[in-house]
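J.: Have a look at this fold, sequence not included:
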């Protein structure tokens, strides 16, 4: 947010507009008010979780999935036939990881539903279906391409005239 | 040694993030041709709409517990001004909590890919040097840490809680509630400061072709982009597809009916427990909270206390001889899942209040036989007690209650969160709310 360059002394000293400053101060007051209550109890634990979530995401998770993205890229022009199902499958795993890797021991008692490896199996089946669907799309699009190029060859053999 | 390790970490990060031999603080390190103000603005706008819905439905869920009514309902007694909006939770429409909390959890789950994509789209800014150009810029970056930390904290605690994985440092309610306020405080600043830029970027419309979009002074566009392997439209489609897929494997646990089978990865999806008329979703089986057939057998008596020390002990047979009423009401949990309407049959709470000597029904404290777990005692407000559909239910769907659904008697109140529908009721203390 850039205010007109007539801010003078404040702007030179602070580097942003007074309105940005007022907004941030108001926000920090609310942050402080809620933050004191958030940290009441296991202060260190909450701090670690709060800041750790941001650091873990930016410095570990994001590079990790960028690195993992090199795998589908090996498929060259077909990269997205691997990338899309892989991303979708990884998303499901990330969001429902406690259930897929567990579920936690209290799950059966809390829900009356069978725990076991049911979620892991369903995740595997969904993932397999996603990859299979992607493979099917690749197959049909390649078949269509082959047919189109065969037609083109046929046309060029018949002297460029359209054969109706 | 320390320097060696640091160099290795930087090298690994570099390998992970791009192909160049520059540092992440160098704009040339970032190669994706997709990053740019338009993509960030689209994702930001969707996210803004989504988290606003999450914030509002979250505050509504907080109000639904009636925390101001009694300490037994209150997991955040130190809320102070942050409870300014509290109001007596209504009983109409009877599916109100089912809707608001189903939206809260399902939309929250479906927003995960949007959040991740939004963070990915602005990651170069995290490493931009110098870390602060001025005092004002430094303050804004602190606010951004609170924004990102807050968003991830809220999503992670929420997702863990609905999966019953209580590994977070403390009780879920205060963490998720106060964390939401910290996040909201930072979000308001972020939206106010970035709104003009987002509008400018969106006005330009979908950038055509594989070339990077105009930077508009944001520093998001890669100066040395790698060849595109995915179009901008394709990237948004992937994010939207991810949201749709997550919605698909989750929403059925809130919609219920045959669609519950489509909620393949949701904690209360797949199918219903057991069989027969009592085959609908359970929150805490009897065994898990120490309720046994012994405590709920023929010796069970309901203690009803009321005005002027009035007290009555009622057996189940005596309760069944009182006027019986029916109400079709759902169970809706803070974890986002719910059941469709079940047909409950039992005694109206207001009739029991009259038995306890109250003409106009007062608040009531409900106590359970439950040995452990939270909300063993819960308070209901007078408007909930007065509602003709609010029952001490003895039967459901034409059969006896099952032990897991609260036999010998349970509370069922329209639009109330699941935990306030106390199971295995031992005592009703009208006018006895602490």
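T.: That came in fine, so what should we check first? Because the structure is a prediction, the values reported are computed rather than measured.

J.: Nearest to chain A within the stretch 301-434 of chain B, name that residue for me.
T.: Residue of the stretch 301-434 of chain B nearest chain A, by Cβ to the nearest Cβ: residue B:404 (5.7 Å). Quick note: C-beta positions are derived from backbone N, CA and C, even for glycine.

J.: Wasn't that residue part of a strand?
T.: No - Residue B:404 is assigned helix when assessed by DSSP: H, G, I helix; E, B strand; the rest coil, not a strand.

J.: and it, how many neighbours does it have?
T.: A count of nearby residues for residue B:404, using other Cβ atoms under 10 Å in any protein chain shown, gives 20.

J.: Outline the domain layout of chain A.
T.: Domain ranges of chain A: A:1-40, A:42-74, A:80-164, per automatic domain parsing.

J.: Just send the ones you listed back as JSON lines, with mean pLDDT, distance to residue B:366 and mean neighbour count too.
T.: What follows is the domains of chain A, written out as JSON lines (pLDDT from 0 to 100; distance: least, Cβ to Cβ, whole Å; neighbours: other Cβ atoms under 10 Å in any protein chain shown):
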{"stretch": "domain A:1-40", "mean pLDDT": "87", "distance to residue B:366": "28", "mean neighbour count": "15"}
{"stretch": "domain A:42-74", "mean pLDDT": "92", "distance to residue B:366": "31", "mean neighbour count": "16"}
{"stretch": "domain A:80-164", "mean pLDDT": "89", "distance to residue B:366": "20", "mean neighbour count": "15"}
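
J.: okay if I get these as TSV plus distance to chain B?
T.: Formatted as TSV, those follow (distance: least, Cβ to the nearest Cβ, whole Å):
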stretch	distance to chain B
domain A:1-40	2
domain A:42-74	3
domain A:80-164	3
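
J.: What sits closest to residue 35 if chain neighbours are left out?
T.: Answering for chain A, as no chain was given. residue B:182 (5.6 Å; Cβ to Cβ, 6 or more residues apart in numbering or on different chains).

J.: my bad, the chain I had in mind was chain B
T.: Once flanking residues are discounted, residue B:35 sits nearest to residue B:220: 5.0 Å by Cβ to Cβ, 6+ apart.

J.: And the pLDDT for that neighbour?
T.: Per-residue confidence at residue B:220 stands at 93 (pLDDT).

J.: likewise the one 3 residues further on?
T.: The predicted structure scores residue B:223 at 92 on the pLDDT scale.

J.: Please apply the same query to the one 5 residues further on.
T.: The model reports residue B:228 with a pLDDT of 90.

J.: Please list all residues in contact with it.
T.: B:33, B:34, B:210 (Cβ atoms under 8 Å, 6 or more residues apart in numbering or on different chains).

J.: Using CSV, please lay out those residues together with distance to chain A, secondary structure and neighbour count.
T.: Formatted as CSV, the contacts of residue B:228 follow (distance: Cβ to the nearest Cβ, whole Å; DSSP: H, G, I helix; E, B strand; the rest coil; neighbours: other Cβ atoms under 10 Å in any protein chain shown):
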residue, distance to chain A, secondary structure, neighbour count
B:33, 14, coil, 20
B:34, 12, coil, 25
B:210, 14, coil, 14
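
J.: Using the record's assignment, carve chain B into domains.
T.: Taken from automatic domain parsing, chain B resolves into B:20-254, B:287-430.

J.: got TSV for these, with distance to residue A:112 too?
T.: As requested, those are exported to TSV (distance: least, Cβ to Cβ, whole Å):
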stretch	distance to residue A:112
domain B:20-254	13
domain B:287-430	6
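
J.: re earlier: which single one of the contacts of residue B:228 is nearest to residue A:142?
T.: residue B:210 (22.5 Å; Cβ to Cβ).

J.: Nearest residue to that closest one in space, please, no chain neighbours.
T.: Residue B:210 sits nearest to residue B:228 (Cβ to Cβ, 6+ apart), 4.4 Å away.

J.: Can you tell me the SS state at that neighbour?
T.: Quick answer, by three-state DSSP: residue B:228 is coil.

J.: Pick out the residue of chain B closest to chain A.
T.: Counting by Cβ to the nearest Cβ, chain B gets nearest chain A through residue B:134, at 2.3 Å.

J.: What does that residue show for phi and psi?
T.: With angles defined as degrees, to the nearest 10, residue B:134 sits at phi -160, psi 170.

J.: That one touches residue A:15, doesn't it?
T.: Yes - between residue B:134 and residue A:15 there is a contact at 2.3 Å, judged by Cβ atoms under 8 Å.

J.: Would you mind listing the residues in contact with the residue of chain B closest to chain A?
T.: A:14, A:15, A:16.

J.: rerun at 6 Å
T.: Applying Cβ atoms under 6 Å, 6 or more residues apart in numbering or on different chains to residue B:134 gives the contacts residue A:15.

J.: what about the strand or helix carrying residue B:426, average pLDDT?
T.: Using DSSP states H and E, residue B:426 maps to strand B:425-430. Here strand B:425-430 scores 97 as its mean pLDDT.

J.: can you give me how far it is from the chain middle?
T.: Chain-centre distance of strand B:425-430: 29 Å, with Cα atoms, centre = their mean, to the nearest Å.

J.: Give me the contacts around it.
T.: Contacts for strand B:425-430 (Cβ under 6 Å, 6+ apart): B:303-306, B:353, B:356, B:358, B:362, B:364-367, B:369, B:409.

J.: Can you point out the buried residues in it?
T.: B:425, B:426, B:427, B:428, B:429, B:430 (16 or more other Cβ atoms under 10 Å in any protein chain shown).

J.: And for residue B:351, the neighbour number?
T.: Neighbours of residue B:351 (other Cβ under 10 Å): 18.

J.: Report pLDDT for it.
T.: Taking residue B:351 on its own, its pLDDT is 96.

J.: and the spatially most central residue of chain A, what is it in contact with?
T.: Centroid-nearest residue in chain A: residue A:91, 6.4 Å away (criterion: Cα atoms, centre = their mean). Neighbour list for residue A:91: B:113, B:242 [criterion: Cβ under 6 Å, 6+ apart].
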